[in-house]
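Peer 1: With the sequence up front, the predicted model follows.
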Amino acid sequence: MESPIVRRLERLKKYEIYKPNKTNTGGAFQFDLNALKESVFLEAASQKAEHEFDWPNKIVFKLGVVDIGKILAVIEGRKPSCELFHDAAKAKLLSEESTAKNTTLSLAKGSYGYFLKL
């Protein structure tokens with residue numbers, strides 16, 4: 001029998017944010033919980049057209065427990081910002097021909113919300 005916590009996590013598994021604009025410079029984010037890997041995968045895509053995002057060329061960023069703690073510290077107001085670094089060379093799924101690059105995620109509290117840069 002599945003526990004209530006697992007059932008609740010399955011409902012909250014994916015969270016999406018779409019921010020299109022008329023100049024086609026917007027973006028979209030998807031947060032995907034992977035309980036088995038104790039991680040949240042953040043996928044980001046740039047806007048291609050009015051209602052279209054470039055998901056085939058998305059950026060994938062794995063957030064581990066420590067990373068999530070740093071993000072929560074910013075959201076809770078205990079830190080003004082955080083910066084996370086993703087080393088593509090450590091990714092186990094990359095082939096030798098892969099063109100994956102190192103990525104930095106920055107989160108900072110603004111005067112009317114948060115700034116997320118990937």
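Peer 2: Noted; the coordinates are in hand.

Peer 1: now the helices for the protein?
Peer 2: For the chain, applying DSSP state H gives helices covering 4-11, 65-75.

Peer 1: Give me the buried positions along the lengthiest strand in the chain.
Peer 2: As assigned by DSSP state E, the longest strand anywhere in the chain is strand 39-49. With burial defined by 16 or more other Cβ atoms under 10 Å, the residues of strand 39-49 counted as buried are 39-40, 42-45, 47. Heads up, the C-betas are built off the backbone N, CA and C, glycines and all.

Peer 1: And stretch 109-118, by the same measure?
Peer 2: For stretch 109-118, by 16+ other Cβ under 10 Å, it's 116, 118.

Peer 1: List the residues that contact residue 71.
Peer 2: By Cβ atoms under 8 Å, 6 or more residues apart in numbering, the contact list for residue 71 reads 63, 82, 84, 107.

Peer 1: So which residue is dead centre in the chain?
Peer 2: Nearest to the geometric centre of the chain sits residue 42, at 2.4 Å (Cα atoms, centre = their mean).

Peer 1: check contacts around that one.
Peer 2: Counted by Cβ under 8 Å, 6+ apart, residue 42 has contacts 29-32, 60-63, 105, 118.

Peer 1: just checking, residue 63 touches residue 38?
Peer 2: No. Checked against Cβ atoms under 8 Å, the pair residue 63 and residue 38 is beyond contact range at 10.1 Å.

Peer 1: who's more crowded, these two?
Peer 2: Neighbour count, other Cβ atoms under 10 Å: between residue 63 and residue 38, residue 63 has more, with 20 against 10.

Peer 1: Got the confidence number for the more buried one?
Peer 2: Residue 63 is assigned 90 on the pLDDT scale.

Peer 1: And residue 113, by the same measure?
Peer 2: As predicted, residue 113 sits at a pLDDT of 87.

Peer 1: Tell me how far it lies from residue 74.
Peer 2: Using Cβ to Cβ, to the nearest Å, residue 113 is found at 12 Å from residue 74.

Peer 1: which residues sit in contact with the nearest residue to residue 49 once chain neighbours are set aside?
Peer 2: Residue nearest to residue 49 in three dimensions, not counting chain neighbours: residue 24, with 6.1 Å by Cβ to Cβ, 6 or more residues apart in numbering. Neighbouring residues of residue 24 by Cβ under 8 Å, 6+ apart: 47-50.
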